[in-house]
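> Predicted model follows, preceded by the sequence.
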Amino acid sequence: MLKTEYKTMNDAAQGYANRGWAIFPCNIDKRPLTQYGFKDATTNKETIGAWWSKWPTASIGLATGAINRIVVLDIDTHGDSNGFDSLQNLAGSIEIGSLAAETGGGGRHYFFQHPGFPIQNSAGKIGKGLDIRG
């Protein structure tokens, strides 16, 4: 898993934008802080700087799908869901070699290149505690 330390959330947000990923600010509960949420996602450094100046502890929302050319496997661990167990059941001993980020809730997001055709978002359809964002 790639681990990078940023001094501030603005630095992290700018780092995502430097990868070419359109982002937007969210509350810790994943609710967007901007009026149109993921539709406001941008790579514009000035806009991102203004957002994180206004909300310095905001989480980073990443627009998935064709806009950023990524699909995310979201592994949840809250409640009675243990996505890591579900992933183990699906993948067996397969090592997932992808960019990953730890989530605020103790889970993990794995990032994959978008395949170029529509990927439907799903929650729990492939396994308990496993969501697809595409």
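Structure's in. What do you need? What you see is a predicted model, and the numbers here were worked out from it, not measured in a lab.
> what about Tyr6, which SS state?
Of the three states, Tyr6 takes coil under DSSP: H, G, I helix; E, B strand; the rest coil.
> Next one: it from Lys39, what distance?
25 Å (CB to CB, to the nearest Å). C-beta coordinates here come from the backbone N, C-alpha and C atoms, glycine included.
> Same check on Gln14?
Taking CB to CB, one finds Gln14 at 21 Å from Lys39.
> the more surrounded of these two?
Each of Gln14 and Lys39 has its neighbours counted (other CB atoms under 10 Å); Gln14 has more, 17 against 12.
> looking at the protein, which helix or strand does the model trust least?
helix 83-91 (a mean of 69; mean pLDDT, DSSP states H and E).
> right, and the helix or strand after it?
Next in sequence after helix 83-91, counting helices and strands by DSSP states H and E, comes strand 99-102.
> residues contacting the residue nearest the centre of the chain?
Centroid-nearest residue in the chain: Leu62, 5.2 Å away (criterion: CA atoms, centre = their mean). Residues counted as contacts of Leu62 (CB atoms under 8 Å, 6 or more residues apart in numbering) are Tyr16, Trp21, Ala22, Ile23, Ala41, Asn68, Ile70, Val72.
> In strands only, show me those residues.
Ile23, Ile70, Val72 (DSSP state E).
> so which one among these has the lowest pLDDT?
Minimum pLDDT across these is recorded for Val72, with 78.
> show me where the protein has helices.
9-18, 45-54, 83-91 (DSSP state H).
> Show me the shaky parts of this protein.
1-4, 79-81, 86-98, 127 (pLDDT under 70).
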